[in-house]
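Novice: below: sequence and its predicted model.
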Amino acid sequence: MPRGAEGADDVSGWDEAELASVDAGDEIEVSSVRPDGSLRPFVTIWGVAAGGHFYVRSAYGPRNGWYRRALARGNGRIRFAGGERDVTFAQIAPDAPEQAAIDAAYLKKYARYEKRILDTVIGPAMHAVTLRVEPRD
């Protein structure tokens, strides 16, 4: 099972204000940690808050480089409109109950985009590439 796998503690480490700040912008930047502890280059992606947690999805499936590295290492850093934060990445189950809320959050936040673009982050095919992002102390 990948690092930070499903069944992890369901209590979010985000305080309400910081979660709102992370979710406020259209995009965040993610970076995973290399084995030597240095950060990989940041990659710009979409993400959403749902149910008190923050989630990201690999728009181009499980082969996307940033996703594979984040899943394998389990930690990294994100940059967002309000700052920068060390985080953990935890895969959640494709059939987890929160997947519907995550789909709804993506649809609401990015509704102004064409369906073909939204389809890269919404729906059952994307549930398998969903990561919960939590702050690391």
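Specialist: That came through fine. Predicted, not measured: the structure shown is a model, and the values here were computed from it.

Novice: which one is the residue nearest the centre of the chain nearest to, not counting chain neighbours?
Specialist: The centroid of the chain falls nearest to Val56 when counting by CA atoms, centre = their mean (2.2 Å). Nearest residue to Val56, sequence neighbours excluded (CB to CB, 6 or more residues apart in numbering): Gly47, at 4.2 Å. Yep, even glycine has a C-beta here, placed from its N, CA and C like the rest.

Novice: what's the separation between that neighbour and Pro94?
Specialist: Gly47 sits 18 Å away from Pro94, going by CB to CB, to the nearest Å.

Novice: for Ala49, same thing?
Specialist: 20 Å.

Novice: quick one: secondary structure of Tyr67?
Specialist: Here Tyr67 is helix, with the state taken from DSSP: H, G, I helix; E, B strand; the rest coil.

Novice: mind listing what the residue nearest to it when sequence neighbours are not counted touches?
Specialist: Excluding its sequence neighbours, the residue lying closest to Tyr67 (CB to CB, 6+ apart) is Ser58, at 3.6 Å. Applying CB atoms under 8 Å, 6 or more residues apart in numbering to Ser58 gives the contacts 64, 66-67, 126, 129.

Novice: and the longest strand that the chain contains, what other elements does it pack with?
Specialist: Longest strand in the chain by number of residues (criterion: DSSP state E): strand 83-91. Applying 3 or more CB pairs under 8 Å, 6 or more residues apart in numbering; DSSP states H and E, we find strand 83-91 packed against helix 16-24, helix 65-73, strand 75-80, strand 130-135.

Novice: so which of these gets nearest Lys108?
Specialist: The closest of the helices and strands packed on strand 83-91 to Lys108 is helix 16-24. By CB to CB, the value is 11.0 Å.

Novice: quickly find the element holding the residue of the chain positioned farthest from its centre.
Specialist: Most distant residue from the mean C-alpha position of the chain: Asp36, 23.0 Å away (CA atoms, centre = their mean). For Asp36, there is no host helix or strand (DSSP states H and E).
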